[in-house]
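>>> sequence first, predicted coordinates after that:
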Amino acid sequence: MSIGTRAIDALGFAPDERHGPLPLLLLVLTMITGLVDAVSYLKLGHVFVANMTGNVVFLGFAVADAEDFSIPASLLAIAAFLAGALAGGRLGTRLGIIVAVFWQSRPTSKSRSSARLASHR
């Protein structure tokens, strides 16, 4: 048993029948998102890139004339996030349609086995 497997078991995040690996994956995604936001906040001019809640709060502070908060930086971060979300959504929709058409055009295993049986008759 590997160290990772023992750690997952000890934390109680072992895949179960109902949720599978989802709880562990969500925990890992949450940690990565927090790390990305921490790095972006410290290195990219005090803006968040993974979660927009902080940028909206910072925008509110900037509108209220609080020191060290920038309206343009917050608006740029929010606009870039919206543009990325729009582009990702459109790309996902197009790729989803392409993938769906690809899988629908492939014969299923039942139709392949039926074709093989029919060819042997």
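Ah, there it is. Numbering: from 1, shown residues only.
>>> can you classify Val49 by secondary structure?
Here Val49 is coil, with the state taken from DSSP: H, G, I helix; E, B strand; the rest coil.
>>> who's in contact with the residue lying closest to it once chain neighbours are set aside?
Distances taken as CB to CB, 6 or more residues apart in numbering put Ser40 closest to Val49, at 4.2 Å, once the chain neighbours are dropped. For the C-beta atoms, the positions are set from N, CA and C on the backbone; glycine is no exception. Counting by CB atoms under 8 Å, 6 or more residues apart in numbering, Ser40 makes contact with 47-50.
>>> and the residues you listed, which two are furthest apart?
Val47 and Ala50 (10.6 Å; CB to CB).
>>> neighbour count for these two, which is higher?
Taking neighbours as other CB atoms under 10 Å, Val47 and Ala50 compare with Val47 leading, 20 against 17.
>>> how about that one, phi and psi?
Dihedral angles phi and psi of Val47 (degrees, to the nearest 10) take the values phi -130, psi 150.
>>> touching, it and Ile71? I think so.
No - counting by CB atoms under 8 Å, Val47 does not reach Ile71; the two are 11.8 Å apart.
>>> using the three-state scheme, assign the closest residue to Met52 other than its chain neighbours.
Excluding the flanking residues, the one nearest Met52 by CB to CB, 6+ apart is Phe81, at 5.4 Å. With three-state DSSP as the basis, the three-state label of Phe81 is helix.
>>> contacting residues around Phe81?
49, 52, 55.
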